[in-house]
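Output the structure for:
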Amino acid sequence: MEVILAEKAGFCFGVKRAVDKAFEEAENSGEKKVYTFGPIIHNEEVTRRLEQNGVGMIESLEELSRIPENSKIIIRSHGVGRDIYDAINKAGHEVVDATCPFVSNIHKIVDERSSEGDEILIIGNPGHAEVEGTIGWSHTKPYLINSASDIDNLPDFGDKKITVVSQTTYSLKKFQELVAVLQDKYYNINVCKTICNATEERQSEAEKLAASVDHMIVIGGKNSSNTQKLYEISRQQCNNTYYIQTLVDLDLTVFESASRVGITAGASTPNYVIKEVQDSMSELSFEEMLQDETPVSIRPGQVVEGEVITVKPDELVVNINYKSDGIVTAAEYSNTPVDLTTVVKPGDSITVKVLKTNDGDGQVLLSHKRVAAEKAYAELEEAFNNQEVLKGKVTQVLSGGLSVTVNECRVFIPASLVSDTFERDLSKYLDQEVEFVLTEFDPRKRRIIGNRKKIVAEQKAAAAEELFSKISVGDTVEGVIKNITDFGAFVDLGGADGLLHISEMSWGRVDNPKKLFNVADKVKCFIKDINGSKIALSLKFEDENPWKDAEEKYAIGTVVKGKVARMTDFGAFVVLEPGIDALLHVSQIAREHIEKPSDVLKSGQEIEAKVVDLKIPEKKISLSIKALLNEREPEVKEEEVKEEETAEIPESEEISESLPVDDLLKTEEPAAEAVEEVAEEAAEEAAEEAAEAPAEDAE
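Numbering: from 1, shown residues only. Now for the predicted structure:
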């Protein structure tokens, strides 16, 4: 076994400086008590050793008030906020500043830029000690960013200047991705690259080393941010990556079949811990060399044929014609959780790969999925070279795309290559089978990239070509409403979209397409026009045209009924039937003069009028209420005759007012007799008045 230790493993400059200063203060403190404000670094072993040397630890300002006066307080490498310095000085303690110089530089940037009015954006892990300390140096409330969704929630800063800093141990790749999103959203932005150079170099080295080994070991404290980043980077390149704090956490038996093992460590990992692990791996390598001197019939990595002897839900016992039987666990049978009793039975033949010749109980550890994976890798490579279309099941929906399983191999399809249009929510693809082609294939780096976008685009192009070959202007087609706008609706015709314009939705007037249709509605329409790849649709079928028999139904002189739909200053539009509107001009609403239609009419009011003009080619109908009123008015001449017959009758005006001529005409007595009776009554009244007059004079 070859054991490779990364050159950049272990303490960085800032961490070594802080740890050395802490041990130095512990040795030279005299009578003064020494404390660190929080753990000096994120490593439990170092914290324990400092405690053994008399260095205590406080983690809050409340604890600061309970320690002996005139103590020494060591500021850890991660740094703290301005308020911590002020509180320590105010309490009369001595400050020993062990803040990493790279972190101090970030504090200076945040202090100066925020005091000048800049908005401060900090890219880092929420709750991390360094990030919390940086926040404490801003004069305004800063914004913390750890994902693209955090950027979506940022406000519009307008013309304000924006300063961006980063946690020194943050992932460089993730930092660059987030900065790219920020630069797309804001223009007045100043990005300060504050990731420590040592961090960049350590991450880059770990990535290269992990891609070249069978197993990778990452050593560091469980709370160490930079160690966690190293593990994530290494895990992407090597599935067999192990995160440990000390040698105690490492199971050496898993490396028995390994040929190359890489070791790296976080910036807060002491050298002696790294050396312990390295020495143990070297001893294991020496032991393997001794074992190799003894001839055996099988070896780790060998592919053998076997027969299944026993089947349990979580393991198989396999006879491989060796002195010991082999064991295949459910995890080594498939990457997909499975009850083995449902897929295998005793007596079945099985091809397996030897992982260990002795698992400690005298049995051989075998793997079936690794044989399938190697076979699948060969098939994937052939498909990549020939650009064949592959099928796989989506087993995971990740923030950046889809993880697809193809015969125990995982293929990653980035979100940008899932479809020909951007899809923010990819959850609908989980457990679905998808087709794709490979655009990148590098099994050594575990980098196999798929492209579904190309397949979708080609399928749509083929469907569009087939659709256009079958359709022509005038054809009736069926489709599904895909999108609705103010000017119309887009209809999916199964290969291409057609536009159903608002003016083609009905023979009548349509104010809002959303009142007629919903997305996913099925519609039957006809093709009005085809212009290149554009299809114009219509629902105005000619056999439903209300104007086809309008010349007969609405001939001039016809009396019609309709409802007032809308009004203007010059008239009102009346709906006679769906698709046919008529104009009632303001001058034709009444016999008297009207300023505007709304003075006498209301929307929705039903009216009766006479057709006075009809122009079929122009689809125009003119109405008149005035003409209808004139037609139904009693004849004037008849009224004049009746007035002449009663002209000589005294007080005829009063009689006329008390009994209109029309009413007289409607009485049962003949008209002449009625007039004579009225005249006699009037004469008698006149004679009585004349007889009374002399008597009054005599008096």
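
hey, where'd the strands end up in the stretch 501-650 of the chain?
For the stretch 501-650 of the chain, the strands defined by DSSP state E, counting those that start in this stretch occupy 522-531, 534-538, 559-567, 571-577, 580-585, 606-615, 620-624.

out of those strands, which comes closest to Val164?
Proximity to Val164, assessed across the strands of the stretch 501-650 of the chain by C-beta to C-beta, is greatest for strand 534-538 (44.8 Å). Every residue, glycine included, has its C-beta placed from N, CA and C.

In the sheet, which strands lie alongside the closest one, parallel or antiparallel?
strand 497-501 (parallel), strand 522-531 (antiparallel) (DSSP bridges).

quick check: mean pLDDT across the longest one?
Confidence over strand 522-531 (mean pLDDT, whole number) is 90.

buried stuff in that strand?
Val523, Cys525, Phe526, Ile527, Lys528, Ile530 (16 or more other C-beta atoms under 10 Å).

do you know which of the strands of the stretch 501-650 of the chain lies nearest Lys21?
strand 534-538 (73.4 Å).

got the contact list for the closest one?
In this structure, residues lying in contact with strand 534-538 by C-beta atoms under 8 Å, 6 or more residues apart in numbering are 471, 477, 479, 491, 493, 496-501, 504, 525-530.

ok so, going back, columns distance to His42 on top of the strands of the stretch 501-650 of the chain, output as a markdown table?
Below are the strands of the stretch 501-650 of the chain laid out as a markdown table (distance: least, C-beta to C-beta, whole Å):
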| stretch | distance to His42 |
| --- | --- |
| strand 522-531 | 61 |
| strand 534-538 | 62 |
| strand 559-567 | 74 |
| strand 571-577 | 78 |
| strand 580-585 | 79 |
| strand 606-615 | 83 |
| strand 620-624 | 85 |
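
And those strands: which comes nearest Tyr186?
strand 534-538 (37.5 Å).

Counting neighbours, which bits of the closest one end up buried?
Ile535, Ala536, Leu537, Ser538.

ok, and the closest non-adjacent residue to Thr558?
Val611 (4.7 Å; C-beta to C-beta, 6 or more residues apart in numbering).

burial of the one you found, as a residue count?
20 (other C-beta atoms under 10 Å).

beta partners for it?
Residues in beta-bridge contact with Val611 (DSSP bridges): Leu623.

For it, which residues are in contact?
Val611 neighbours (C-beta under 8 Å, 6+ apart): Tyr554, Ala555, Ile556, Gly557, Thr558, Val559, Val560, Ala582, Ile621, Ser622, Leu623.

Quick one: closest of the strands of the stretch 501-650 of the chain to Lys208.
Across these, closest to Lys208 is strand 534-538 (C-beta to C-beta), at 52.3 Å.

next one: that closest one to chain centre, how far?
Relative to the chain's own centre, strand 534-538 is displaced by 31 Å; criterion: C-alpha atoms, centre = their mean, to the nearest Å.

With stretch 598-616 instead?
With C-alpha atoms, centre = their mean, you get 52 Å for stretch 598-616.

What's the mean pLDDT across stretch 367-375?
84.

and for it, what are the contacting residues?
Contacts of stretch 367-375 (C-beta under 8 Å, 6+ apart): 303, 328, 332-335, 350-353, 355, 407-409.

now do stretch 80-88
So stretch 80-88 is contacted by 37-38, 61, 64, 73, 75, 95, 99, 111, 132-133, 135-137 (C-beta under 8 Å, 6+ apart).

ok, now which ones touch the residue nearest the centre of the chain?
Central residue of the chain (C-alpha atoms, centre = their mean): Arg424, 3.9 Å from the mean position. Counting by C-beta under 8 Å, 6+ apart, Arg424 makes contact with nothing.

10 Å instead, please
Counting by C-beta atoms under 10 Å, 6 or more residues apart in numbering, Arg424 makes contact with Ala415.

Just read off the phi/psi values of it.
phi -70, psi -40 (degrees, to the nearest 10).

Would you check how far apart it and Gly495 are?
25 Å (C-beta to C-beta, to the nearest Å).

helix, strand or coil for the closest residue to His107 other than its chain neighbours?
Among residues not flanking His107 along the chain, Trp137 sits closest, at 4.4 Å (C-beta to C-beta, 6+ apart). Here Trp137 is coil, with the state taken from DSSP: H, G, I helix; E, B strand; the rest coil.

hang on, Val304 in a helix?
No: in this structure, Val304 is strand, not part of a helix, as judged by three-state DSSP.

Hmm, it is touching Val318, no?
Yes: contact between Val304 and Val318 holds when scored by C-beta atoms under 10 Å: they sit 9.1 Å apart.

so what sits against both of the two?
Gly326, Ile350, Val352, Val364, Leu366.

From these, list the buried ones, please.
Counted by 16+ other C-beta under 10 Å, the shared contacts of Val304 and Val318 give Gly326, Ile350, Val352, Val364, Leu366 as buried.

pretty sure the first one contacts Val354?
Yes: judged on C-beta under 10 Å, Gly326 makes contact with Val354 at a distance of 7.6 Å.

Name all residues that make contact with the nearest residue to Glu94 once chain neighbours are set aside.
Sequence neighbours aside, Lys72 is the residue nearest to Glu94 in space, at 4.8 Å (criterion: C-beta to C-beta, 6+ apart). Residues in contact with Lys72, defined by C-beta under 10 Å, 6+ apart, are 25-26, 28-30, 32-36, 55, 88, 93-96.

Repeat that for Lys460.
Asp420, Gly495, Ala496.

and if you look at Asp20?
Phe11, Ala98.

and the gap between it and Asp184?
For Asp20, the distance to Asp184 - C-beta to C-beta - is 44 Å.

What of Ser65?
Distance from Ser65 to Asp184, by C-beta to C-beta: 48 Å.

Asn483 sits in which helix or strand?
strand 476-484 (DSSP states H and E).

Which neighbours in the sheet does the helix or strand that comes right after that strand have, and how are they oriented?
Counting by DSSP H and E, the element after strand 476-484 in chain order, helix or strand, is strand 488-492. Each strand paired with strand 488-492, and its direction, by DSSP bridges: strand 476-484 (antiparallel), strand 497-501 (antiparallel).

Dump those into CSV; add distance to Asn545, mean neighbour count and mean pLDDT as well.
Formatted as CSV, the strands paired with strand 488-492 follow (distance: least, C-beta to C-beta, whole Å; neighbours: other C-beta atoms under 10 Å; pLDDT from 0 to 100):
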stretch, distance to Asn545, mean neighbour count, mean pLDDT
strand 476-484, 15, 15, 89
strand 497-501, 17, 20, 89
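
Output those strands in JSON lines; the columns should cover distance to Gly400.
Listed next are the strands paired with strand 488-492 as JSON lines, based on distance: least, C-beta to C-beta, whole Å:
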{"stretch": "strand 476-484", "distance to Gly400": "28"}
{"stretch": "strand 497-501", "distance to Gly400": "30"}
